[in-house]
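S.K.: Take a look and give me a structure for this.
(chains A and B)
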Amino acid sequence: MSDIAIRVENLSKRYRIGLAQERPDTLRDLLISGVNKIRNRFVRGDQGRHDSQSHIWALRDVSFTVERGQVLGIIGRNGAGKSTLLKVLSRVTDPTEGFGEIHGRVGSLLEVGTGFHPELSGRENIFLNGAILGMRREEIERKFDEIVSFSEVERFIDTPVKRYSSGMYLRLAFAVAAHLEPEILVVDEVLAVGDAEFQRKCLGKMNDVAQEGRTVLFVSHNMSAVLRLTQEAILLDEGRIVMRGPTPEAVDHYLNMGLTKQGERVWSSAEVTNSEAPFQPIALKVRNPMGQVVDTVQSVEGFSIEMEYQLSDPISGLRMGLYMMTTRGEYVFTSFDTDDPTLFETHVQRPAGHYVSRCQIPPHLMNEGRYVLGVNASAYRIRRYFQDDKALTFNVDATGAPGMHWPEKRLGPVRPKLDWTIETLES
Amino acid sequence: MTESQTQHNKYPVIYLRPSKGWLSLDLKELWRYRELIFFLTWRDIKVRYKQAVLGIAWAVLQPLLTVAVFSVIFGNLLNTPSQGIPYPLFSLSALLPWQLFATALQRSSVSLVGNANLLTKIYFPRLAIPLSSVIAALVDFLVSFVVLLGVMAYYRYWPGWNMLWLPLLMLLALLTAMSVGLWLSALNVQYRDIQHMVPFIVQVWMYASPIVYPIDTIPAGIWRSLYGLNPMTGVIQGFRWALLGGTPPDATMLISVGVVLVLFVSGLFYFRRMEKTFADIV
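M.R.: Below is the predicted model of the structure:
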């Protein structure tokens, strides 16, 4: 009991659908909607369970506990209930049903820069924002220099933040929030913005917080950040907990939820906009060595990937690009159909017509797992005609691959068959 | 949500529950957030005068210009009686508490909607928002009060011991503004009609208070009694009396104080009851 930081049981939150459009915005609407409704709106707590169709459950029967010092990831698609959960936990809004207890002060970074006022200077905003986030004045004064140097806006500290670049604004906002010292830190999508350097810094800071033994709830769409920062994660879908488990498993589960295409991606003409003309994508296919379109290929056999497309006008310098990624978004390789100098020369001009660019993936290249294919049609430094980063996913099965006599998973996206020699050295 | 904090091991425990029934006021928590109230007040004042060349001087100019207009129209053109007090002083002594009240009321009524981004992102006692806008009005008042003292000196009026009543009268003005502001700000979260109504309410209320005319203009009897129910009648009459002498407010003022207290307490509870839904509907 003593080392539990958060415990929630059957937490549910119901919203009215179309709250923004349908709620009576004016007193006239209210008067029209009659006395009964007035009673319901004013006596909100007594609002019955009736007309359930106009409500949606943003959270439904969510139960979990978080131990002190744990860093828990919360993942799920947009609208899965992540933000609602954080809002309930940080007391911004009330649960509709259920119960929760939180041991310790909660600091929420639901959005950095909340309460920043554009007219005020950086210095003034540090104090204002700090107070809004729940810091005491002396605490802010004590950490002021640290906050400023973390944010790297020393020179502009007395300039109104409305003159800041968005990067500076963000750094300052995060700096204030990062220097909160709550027992429980709730972080939502802070890392979705900012440049790589800044993100690295933020992740470092979050890591420090976790190292100090404080509890962190971390919501992000950045799977590599979730993987790096958390050992355990909760996967939410449609307001319910789908699974809770080690982060890599939860992330895999999440990434595979939305990816159910079958070895082939066909673009309908409705999907292709005029801006892509004269390039028209037709289909992307994964084929096994027998030429069948499949969604699972054998690592030991190799396979081919082909892109079928049409050109309504000749294009010069066109190259068809293929990107292979893991489901976590790490690139495995990038390749173009005109990588080969001779092909490049023979296809400098591609007349209008119907084409297939096909590439062979050699045997013993890919490790087992699920991969994402992206395609891109462009003329180098001239124009990008078409791009689809997640055109297709497929599985690689490693049966017969090197090392399968050990049932462990191999790290890394490639599983090459390498020549090993073992020498015995006399000494 | 009922929220209580008890010492459990070394960490305070916060309970999350659906809100049911009327909530306790939990003024203790509000007190813990006093620094936030301070900073919000400070922000309101700072931002108001930030890009104005004259800055806080507007707090001086506004009442002076208004009094100039009143003096010309009501004092000179309409010859409004002013109980033997020079008309500019007569109206300024009323305008000050009135502006304190009106500013506090206007700002607090729209305060929640104006701070919607805070409401939807961060937890803190919601009362801090209307409260800080009411307090911010006090700062303007204190600045313009110096002007009043200057004008009094110019007309050779010296304040007496009755001035000690002023803080109480100011408190009543603020309390009235806060009471109405609590209701209106909470209602405004859902019904934006409120923010269109507020300027009108303030204008009507102003003419229903003895600012440009003396209270004697109102016929004695039932009308005067009804008139006395307006808390600002008592406040303004009290201000004039405390600063310049004349007739002190009568016993009707006590009734209006009672009305204000009822409004205030009910406003507090209504506000607390609605505050858990602010984040969802604002």
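S.K.: what about the helix or strand encompassing residue B:271 and chain A, any contact?
M.R.: Using DSSP states H and E, residue B:271 sits within helix B:252-281. Yes: using CB under 8 Å from any CB of the partner chain, helix B:252-281 reaches chain A at B:273, B:274, B:276, B:277, B:279, B:280, B:281. C-beta coordinates here come from the backbone N, C-alpha and C atoms, glycine included.
S.K.: quick one: which of those has the most company?
M.R.: The member of the residues of helix B:252-281 next to chain A surrounded by the most neighbours (other CB atoms under 10 Å in any protein chain shown) is residue B:274, with 24 neighbours in all.
S.K.: Now do stretch A:386-404: distance to the chain's middle.
M.R.: For stretch A:386-404, the distance from its own C-alpha centre to the chain's C-alpha centre is 21 Å (CA atoms, centre = their mean, to the nearest Å).
S.K.: which residues are contacting that stretch?
M.R.: Contacts of stretch A:386-404 from elsewhere in the structure, counted by CB atoms under 8 Å, 6 or more residues apart in numbering or on different chains, are A:259, A:261, A:263-265, A:276, A:279, A:281, A:284, A:286, A:294-300, A:309, A:323, A:327, A:364, A:366-378, A:410, A:415, A:417-418.
S.K.: Go through it and flag the buried ones.
M.R.: Taking 16 or more other CB atoms under 10 Å in any protein chain shown as the neighbour-count basis, stretch A:386-404 is seen to contain the buried residues A:386, A:388, A:390, A:391, A:392, A:393, A:394, A:395, A:396, A:398, A:401.
S.K.: coming back round to it: tell me what the helix holding residue B:271 is packed against?
M.R.: Secondary-structure packing of helix B:252-281 (3 or more CB pairs under 8 Å, 6 or more residues apart in numbering or on different chains; DSSP states H and E): helix B:166-190, helix B:222-228, helix B:231-244.
S.K.: of the ones you listed, which approaches residue A:210 most closely?
M.R.: The minimum distance between residue A:210 and those falls on helix B:166-190, with 37.0 Å, by CB to CB.
S.K.: Please see if that closest one touches chain A.
M.R.: Yes: if you take CB under 8 Å from any CB as the test, helix B:166-190 does meet chain A, through residue B:190.
S.K.: and residue A:156, how many neighbours?
M.R.: Residues within reach of residue A:156, counting by other CB under 10 Å, total 18.
S.K.: Can you report how many residues neighbour the residue lying closest to it once chain neighbours are set aside?
M.R.: Spatial nearest neighbour of residue A:156, excluding adjacent residues (CB to CB, 6 or more residues apart in numbering or on different chains): residue A:122 at 6.0 Å. One way to gauge burial is a neighbour count; for residue A:122, by other CB under 10 Å, it gives 26.
S.K.: contacting residues for residue A:122?
M.R.: Under the criterion of CB under 8 Å, 6+ apart, the contact list for residue A:122 reads A:148, A:151, A:153, A:156, A:157, A:158, A:159, A:161, A:164, A:172.
S.K.: give the contact list for the third one.
M.R.: It stands for residue A:153. A:122, A:164, A:168, A:171, A:172.
S.K.: quick one, which of the helices and strands packed on helix B:252-281 is packed in tightest?
M.R.: Most buried of these, by mean neighbour count (mean count of other CB atoms under 10 Å in any protein chain shown): helix B:231-244, with a mean of 24.
S.K.: centre of the chain versus it, how much separation?
M.R.: Shown here is helix B:231-244, whose average C-alpha point lies 15 Å from the average C-alpha point of the whole chain (CA atoms, centre = their mean).
S.K.: So which elements touch that helix?
M.R.: Here helix B:231-244 touches helix B:87-114, helix B:128-154, helix B:166-190, helix B:252-281, going by 3+ CB pairs under 8 Å, 6+ apart.
S.K.: Remind me what the first one packs against, helices and strands.
M.R.: Going back to what we said before, that points to helix B:87-114. Counting contacts by 3+ CB pairs under 8 Å, 6+ apart, helix B:87-114 is packed against helix B:58-70, helix B:128-154, helix B:166-190, helix B:193-207, helix B:231-244.
S.K.: my guess is residue B:97 meets residue B:173, correct?
M.R.: Yes: here residue B:97 reaches residue B:173: they are 5.1 Å apart, a contact under CB atoms under 8 Å.
S.K.: Please identify every residue contacting each of the two.
M.R.: B:232, B:235.
S.K.: now the helices for the stretch 1-150 of chain A?
M.R.: A:19-22, A:27-32, A:34-42, A:82-89, A:122-132, A:137-151 (DSSP state H, counting those that start in this stretch).
S.K.: Flag every buried residue along the last one.
M.R.: Okay, so that is helix A:137-151. Buried residues in helix A:137-151, counted by 16+ other CB under 10 Å: A:139, A:140, A:143, A:144, A:147, A:148, A:150, A:151.
S.K.: Out of these, which is nearest to residue B:249?
M.R.: Nearest to residue B:249 among those is residue A:140, at 44.8 Å by CB to CB.
S.K.: Need the pLDDT of the nearest residue to that closest one once chain neighbours are set aside.
M.R.: In space, not counting the residues next to it along the chain, residue A:140 is nearest to residue A:130; the distance is 4.0 Å by CB to CB, 6+ apart. The pLDDT attached to residue A:130 in the predicted structure is 88.
S.K.: isn't residue A:130 right next to residue A:141, touching?
M.R.: No: in terms of CB under 8 Å, residue A:130 does not count as a neighbour of residue A:141; the distance is 9.3 Å.
S.K.: want to throw the buried residues of helix A:137-151 into JSON lines with distance to residue A:10 and pLDDT?
M.R.: Conversion of the buried residues of helix A:137-151 to JSON lines gives the following (distance: CB to CB, whole Å; pLDDT from 0 to 100):
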{"residue": "A:139", "distance to residue A:10": "36", "pLDDT": "90"}
{"residue": "A:140", "distance to residue A:10": "38", "pLDDT": "91"}
{"residue": "A:143", "distance to residue A:10": "39", "pLDDT": "92"}
{"residue": "A:144", "distance to residue A:10": "43", "pLDDT": "93"}
{"residue": "A:147", "distance to residue A:10": "39", "pLDDT": "90"}
{"residue": "A:148", "distance to residue A:10": "44", "pLDDT": "92"}
{"residue": "A:150", "distance to residue A:10": "40", "pLDDT": "86"}
{"residue": "A:151", "distance to residue A:10": "41", "pLDDT": "85"}
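S.K.: who's in contact with whichever strand or helix holds residue A:201?
M.R.: For residue A:201, the enclosing helix or strand under DSSP H and E is helix A:196-211. Taking CB under 8 Å, 6+ apart as the criterion, the residues outside helix A:196-211 that touch it are A:69, A:71, A:150, A:167, A:170-171, A:174, A:178, A:185, A:187, A:190-191, A:194, A:216, A:218, A:225, A:228-229.
S.K.: Show me how to select, in PyMOL, the buried members of these.
M.R.: In PyMOL, this line selects whichever of those come out buried by 16+ other CB under 10 Å:
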select buried, chain A and resi 71+150+170+171+174+178+185+187+190+191+194+216+218+225+229
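S.K.: Let's see which of the contacts of helix A:196-211 end up in strands.
M.R.: Within the contacts of helix A:196-211, membership in strands is found for A:71, A:185, A:187, A:216, A:218, as judged by DSSP state E.
S.K.: ok so, going back, just the pLDDT at the residue nearest to residue A:156, thanks.
M.R.: Each residue has a pLDDT score; the one for residue A:122 is 91.
S.K.: roughly how far apart are it and chain B?
M.R.: Per CB to the nearest CB, to the nearest Å, residue A:122 is found 14 Å from chain B.
S.K.: contacting residues for the nearest residue to residue A:176 once chain neighbours are set aside?
M.R.: Setting aside the residues directly before and after it, residue A:176 is nearest to residue A:129 in space (CB to CB, 6+ apart), at 4.7 Å. With contact taken as CB under 8 Å, 6+ apart, residue A:129 is in contact with A:113, A:114, A:115, A:116, A:173, A:176, A:177.
S.K.: Report the contact partners of the fourth one.
M.R.: Read it as residue A:116. A:125, A:128, A:129, A:161, A:169, A:173.
S.K.: if I read this right, the fifth one contacts residue A:118, doesn't it?
M.R.: This points to residue A:169. No: the pair residue A:169 and residue A:118 fails to qualify as a contact (CB under 8 Å) at a distance of 9.0 Å.
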